[in-house]
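> Whatever this is, show me its structure:
(chains A and B)
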Amino acid sequence: MVVMKMKFPFQKRVKLAQGLWFLSWCATVAGAITFTLGCILKTELRRRAEVMDNSDVHVVPNTLMIVGLASLGINIFASKICQDALDAERFPRWKNMLKPYFAVSCFFTVLMLLAVIMSCAMKGSLESSLKVGLKNGIRFYKDTDTPGRCFQKQNIDRLQMEFQCCGNNDFRDWFEVQWISNRYLDFSSKEVKDRIKSNVDGRYLLDGVPFSCCNPSSPRPCIQYQLTNNSAHFNYEYQTEELNLYLRGCREALVSYFMGLMNTIGAGVLSVFLLQGSVLVSLRFLQTAMEAVAGNENTEIETEGYLLEKSVKDTVMEFIEPVMQFFLFKNQVGEGSSEAQADP
Amino acid sequence: MVLLKIKFTQQRRVHLAQGLWLLSWTAVIWGAIIFCLGVYLKMELLRRDEVMDNTEIHVVPNILMIVGLASIGTNWVASCVCQDSLDATRFPRWKVLLLGWFAVAAVLCCLLISVVALSFILQGRLEESLKVGLRNGIRFYKDTDVPGRCYQKETIDRLQIEFRCCGNNNFKDWFEVQWVSSRYLNFTSKDVKDRIRSNVDGRYLLDGVPFSCCNPSSPRPCLRYTLMDNNAHFNYEHQSEELNLYSRGCRQALTDYYMELMNSTGPGVLSVILIQMSVLLGMRYCRLRWKESWLWRTQRARFWLVDPIATEGSSEDADLEKAEKEASPTPAS
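Down below sits the predicted model:
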């Protein structure tokens, strides 16, 4: 049962070949763009690698880069094939290569679709990675003298200023950690001693935030310390104060930034996927139409082109069978040898 | 008197026309680039408009934009001329324009050179403008409730954060102005009353700076208030403390930024000058071909680059006669 049979007179074949040549070059450019988009995403993720706990989300840009490169190769091949397609002498040399070529192309095209789906689906993984990364960042903020963590303060400060955010969920996350290093605490002072005694772990906790949480849009000079004490500042009510600090948490800010980036890239790659798919379908039609011409004296006859010779299920089985047989053969050899060993 | 005499065979003329066509299209593209550079510089200057007192420096991007546009037009005309220069029937229609074209091209070259000179000369004026603009910005920092000045605070804060600078010359400029609005001062408090009485104008002055002066690279959480008092903070010496705040003044930071921007346009402008001058030179030689044939007839002395009477026995003579025969009648001399 043939899938999608279409008649192809000579003129239509010529137009198909010409259109396909142009389309394949567009798809080549699109493949290069996909690779570039993958590189951009990778670079952006690596810039913020210090506030991420794991690199699971890196699978998206890696896939995009692989698919972009593969797409370049596939489409250059496609343009060469359709250049030779209308020439009855040169087309036969491609005959043997076309079946594996289509298999590989379909694989990479499906991979492209998977990359698009992943770019939307990885939100949860990204969020949990950022949650842990930011929690650590805030915890190690004070460790500017510990090797390996000395730039944590600078990173968190610049992150908060750039993304206009404060803390993990909100600014109160800073109340729960000691973010002032012991080197700058006067342990003979009563205030310091009180604060240290006020909690089990002996940490210097205060209701204050670093300067990087300050919002420049506030009409008032920034209030950083004693945030929950209304009487500490003139004309101040922390319950209604909205503009003094950044209200958004950095996790939310970073997630929305990266998801925005990945969604935009995903939309672009989806159009590349559609383009790639149309190239492959057109090439298949051209191939089958030209195969019917082969051997005929008159190359201008009308032929039929189709997508699949057998039904979809049969075609899939046809490709999977060699792979299955390979594994079954290995099993049989294994069983045979174990039987041979069992029989003395 | 003849300047830069060169013999031109037919082949050489063809090569000249082709090379000139390519060069003039390159010059068109460079003209477009110069225009874009001018637009970019103008936009950058407009972004920081609020901390500048006057707009004298805007003459540099304005000239760049004008020159860029004029250069696109001029060199496009040049490419049309040399496309037609090898065609005897079509070239005469450009004859009238050529003198005007030379004048315009020469003016463009002069303007380009003047732009490079101006960008160096105006540095002092830029610095003056920034000095006054920033001084006003710092003075009006607290006026977030005054119409027309309510965004001054945000502008100065974002400027200090972006350019990593503090104050006009340095952070001590903030000690001389009241940057905390009176709306947020408790006038019954002793500290406030003392500070207000401590100076003639009754301003609330303190040795503190806004948060935007804080340097994230400091290993220590930012110290913003009582900066001159070593006892107010543990393990602190204001004389040796370097990383706590940004040490650079915003005037210096902005001047450096804009000078760097204008200097980076320098090589681009210089290469446009070179290309434009080579197009000018090439066009002059190109124009010669037609003027030659008319000179035989009129014997009028003209200044140009090759004296045809002096060139004897070259293939040019045969070409000239041939060109005369093929040309449309009535020489315009």
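> Any residues of chain B in contact with chain A? List them.
Listed as neighbours of chain A in chain B under the rule C-beta under 8 Å from any C-beta of the partner chain: B:144-145, B:150, B:153-154, B:157-158, B:161, B:179-181, B:183-186, B:189, B:210-212, B:214, B:216-217, B:219-222, B:224, B:233-235. For the C-beta atoms, the positions are set from N, CA and C on the backbone; glycine is no exception.
> List buried residues within these.
B:144, B:153-154, B:157, B:161, B:179-181, B:184-185, B:210-212, B:214, B:216, B:219-222, B:224, B:233 (16 or more other C-beta atoms under 10 Å in any protein chain shown).
> Wait, a helix at B:L111?
Yes: according to DSSP: H, G, I helix; E, B strand; the rest coil, B:L111 belongs to a helix.
> circling back: mind checking which of the residues of chain B next to chain A are in helices?
With DSSP state H as the criterion, helices contain B:K153, B:E154, B:D157, B:R158, B:I161 from among those.
> Just flag the most distant two among the residues you listed.
Spanning the widest gap among those are B:K153 and B:I161, at 12.5 Å by C-beta to C-beta.
> Touching both of these two, which residues are there?
The contact sets of B:K153 and B:I161 overlap at A:P216 (C-beta atoms under 8 Å, 6 or more residues apart in numbering or on different chains).
> Do a quick rundown of the strands in the stretch 1-150 of chain A.
A:6-8 (DSSP state E, counting those that start in this stretch).
> Helices along chain B, start to end?
Under DSSP H, chain B gives helices at B:10-47, B:59-84, B:95-121, B:123-139, B:152-163, B:190-197, B:250-298, B:315-326.
> Just list what the third one packs against, helices and strands only.
Helix B:95-121 is packed against helix B:59-84, helix B:250-298, with contacts defined by 3 or more C-beta pairs under 8 Å, 6 or more residues apart in numbering or on different chains; DSSP states H and E.
> Spell out which residues of the stretch 201-344 of chain A are next to chain B.
Applying C-beta under 8 Å from any C-beta, we find that the stretch 201-344 of chain A lies next to chain B at A:210-212, A:214, A:216-217, A:219-222, A:224, A:233-235.
> ChimeraX command to pick out the buried ones of those residues?
The ChimeraX command for the buried members of those (criterion: 16+ other C-beta under 10 Å) is given here:
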select /A:210,211,212,214,216,219,220,221,222,224,233
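> Now intersect the residues of the stretch 201-344 of chain A next to chain B with the helices, please.
The helices, defined by DSSP H, take in nothing from those.
> Closest one to B:G266 out of the residues of the stretch 201-344 of chain A next to chain B, please.
Nearest to B:G266 among these: A:P216, at 34.3 Å, using C-beta to C-beta.
> my guess is that closest one meets B:I161, correct?
Yes: between A:P216 and B:I161 a contact is recorded at 7.2 Å, counting by C-beta atoms under 8 Å.
> list residues touching both of these two?
With contacts defined as C-beta under 8 Å, 6+ apart, the residues shared by A:P216 and B:I161 are B:S212.
> How about the backbone phi and psi for A:Y204?
A:Y204 adopts backbone torsions of phi -90, psi 90, taken as degrees, to the nearest 10.
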